[in-house]
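A.B. asks: My questions are about this predicted structure, shown below with the sequence.
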Amino acid sequence: MKGKFCKGVAILAAAMFFFGAPLAASALELKQISIASAGTAGTFYIMAAGFADLFGRELGVNSVAEVTAGSVENVKLLDSKRVELGVMQVDVMLDALAGRPPFKGPVEMTAVAPMYPNVIQFVTLKDSPINSFADLKGKKVSVGSPGSGILATNQIILETLGMSMSDIDPQYLSFAETTNAFRDGSIDAAIVNTAAPAPWVVDLETSHEVKIIEPTEEEIKMFTEKYGYFVSAKIPAEAYKSIDKDVSTFAVWINLSARNDLPEEDVYQMTKTIFENTDFLKSIHAVGAYVTLENVSKISSLPFHPGAAKYYAEQGIEVGAPK
C-alpha cells in the first residue's frame, strides 16, 4: 500500500488489554491519537504501534499506528492535521521546517522524543559481485517508496558519493516489496536507512544469505563531517545471521514529532509516559533501548513541543522552543 494513508491495519490500542489489565480512564484532552509511521515490515510501524499501545494503556486514549509511505508523507499528514504524531527522520524534519524540497514551504511541527538512529545499510545477496558503493552503477537498486524518508536520504547519499539516480536503475519499493524483489531476482541491491536488525532483512535471510556492504572510512566521513544529522554507526554482527563481524556505516536519528497545536498538558503526559515505560519499549524492539533522556541531545537541532520541553526541564534538560 505504497503512499496510501491507511487505517485498515492500524493497531487500536483502546481495544486492547495488556496482561489482563483494562485501559485506564482518559487522562488527556485529546480523544484520539493517530501516529503516522511507515509500512508494517519496518521499525517505524513497530515502534509507533508500541507507542499507541502505551498511550492506550497508560493514558486511556484511543491510539492507532497508521500505515504510511514514511517520513515525507508523515510530515504532510501532520501539516494537514490528519494525524497528531508522526515518526520521522531528523533530516526530513529539518527540511520541512525550512521549507526545502520536497516541501513547498515551511511546515510547523515540533519534536517530542528521540527514538533511535536509522542505520544506513547497503544490502545485496551473499553471492552478488557487488562489493562497494561504486559497484552499484548500472544496477537495479531499491531506493525506497515514493514519500519515504529513505528515498529522500538516498538522493543525498548518491549525490554526496558522486552519483545520481540516473547512474543506477532505481526501483521505488517498500521494505516488503524489496524482500520479494530480492527473492524473484528483480533487483541487485538495496540502499536503506532503518534500524538494525531490520525485520525485512531478517525475513529475507530465511531464504537467502545476505551481504552488507561496508562503506570506506573516507565515505563515512563525507557524511558525518558535512551533515550535522549523520553520525558514525555500526551494524552489530549479531544483527544478522549472514554476517560474522560488525559493519561500520553511518546513521540518521529518528524522532517522534507532534503538531504544534496539541495541548501542552497532553504532550507533557505522553512524553512522561514514554520515559516511564522504557522497559516496555525495549520489549517491542531492540531499538527501544535508544529511547533515553541521554539521547534527547541527539535531536537538539529540532524545536520541541512546549509539553515535551516541560517534562525535560523537570529532568534538568533544556531544549529549544518553537520559533
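C.D. replies: Structure's in. What do you need? Residues are numbered from 1 along each chain as shown.
A.B. asks: Got phi/psi on the residue lying closest to Pro129 once chain neighbours are set aside?
C.D. replies: Using C-beta to C-beta, 6 or more residues apart in numbering and skipping the chain neighbours, the partner closest in space to Pro129 is Asp135 (7.0 Å). Glycine gets a C-beta too; all of them are placed from N, C-alpha and C. With angles defined as degrees, to the nearest 10, Asp135 sits at phi -70, psi -10.
A.B. asks: you'd agree Asp135 is up against Met163?
C.D. replies: No. Using C-beta atoms under 8 Å, Asp135 is not in contact with Met163, being 11.4 Å away.
A.B. asks: Can you show me the helices along the stretch 151-300 of the chain?
C.D. replies: Under the criterion DSSP state H, counting those that start in this stretch, the stretch 151-300 of the chain contains helices at 175-184, 199-204, 217-224, 264-275, 278-284.
A.B. asks: export those to TSV and tack on mean neighbour count and mean pLDDT?
C.D. replies: Converted to TSV, the helices of the stretch 151-300 of the chain look like this (neighbours: other C-beta atoms under 10 Å; pLDDT from 0 to 100):
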stretch	mean neighbour count	mean pLDDT
helix 175-184	20	95
helix 199-204	20	94
helix 217-224	16	94
helix 264-275	21	97
helix 278-284	15	94
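A.B. asks: Beyond the longest helix along the chain, next helix or strand please.
C.D. replies: When the chain is parsed with DSSP state H, its longest helix is helix 43-59. As assigned by DSSP states H and E, the chain's next helix or strand after helix 43-59 is strand 62-66.
A.B. asks: the inter-axis angle of the helix or strand following that following strand versus strand 62-66?
C.D. replies: Using DSSP H and E, the next helix or strand after strand 62-66 towards the C-terminus is helix 71-79. Between the axes of helix 71-79 and strand 62-66, defined by axes from the mean of the first three to the mean of the last three C-alpha atoms, to 10 degrees, the angle is 150 degrees.
A.B. asks: Helix 71-79 versus helix 43-59: what angle between them?
C.D. replies: Going by the same axes, to 10 degrees, helix 71-79 makes 40 degrees with helix 43-59.
A.B. asks: what does helix 71-79 rub up against?
C.D. replies: Residues outside helix 71-79 that contact it (C-beta atoms under 8 Å, 6 or more residues apart in numbering) are 3, 5, 36-38, 66, 68, 83, 85-89, 92-93, 96, 102-103, 107-109, 147-152, 257-259.
A.B. asks: ok, now with 7 Å
C.D. replies: Here helix 71-79 makes contact (C-beta atoms under 7 Å, 6 or more residues apart in numbering) with 3, 5, 36, 68, 83, 86-89, 92, 96, 102-103, 107, 109, 147-149, 152, 257, 259.
A.B. asks: rewinding a little: what comes up buried for the longest helix of the chain?
C.D. replies: For helix 43-59, the buried set under the neighbour-count rule, 16 or more other C-beta atoms under 10 Å, comprises 43-59.
A.B. asks: picking up where we left off before, for the helices of the stretch 151-300 of the chain, give me TSV that also has distance to Val231.
C.D. replies: Formatted as TSV, the helices of the stretch 151-300 of the chain follow (distance: least, C-beta to C-beta, whole Å):
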stretch	distance to Val231
helix 175-184	23
helix 199-204	21
helix 217-224	6
helix 264-275	22
helix 278-284	21
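A.B. asks: so which of the ones you listed comes closest to Ser248?
C.D. replies: Evaluated over the helices of the stretch 151-300 of the chain, closeness to Ser248 peaks at helix 217-224, with 6.5 Å, by C-beta to C-beta.
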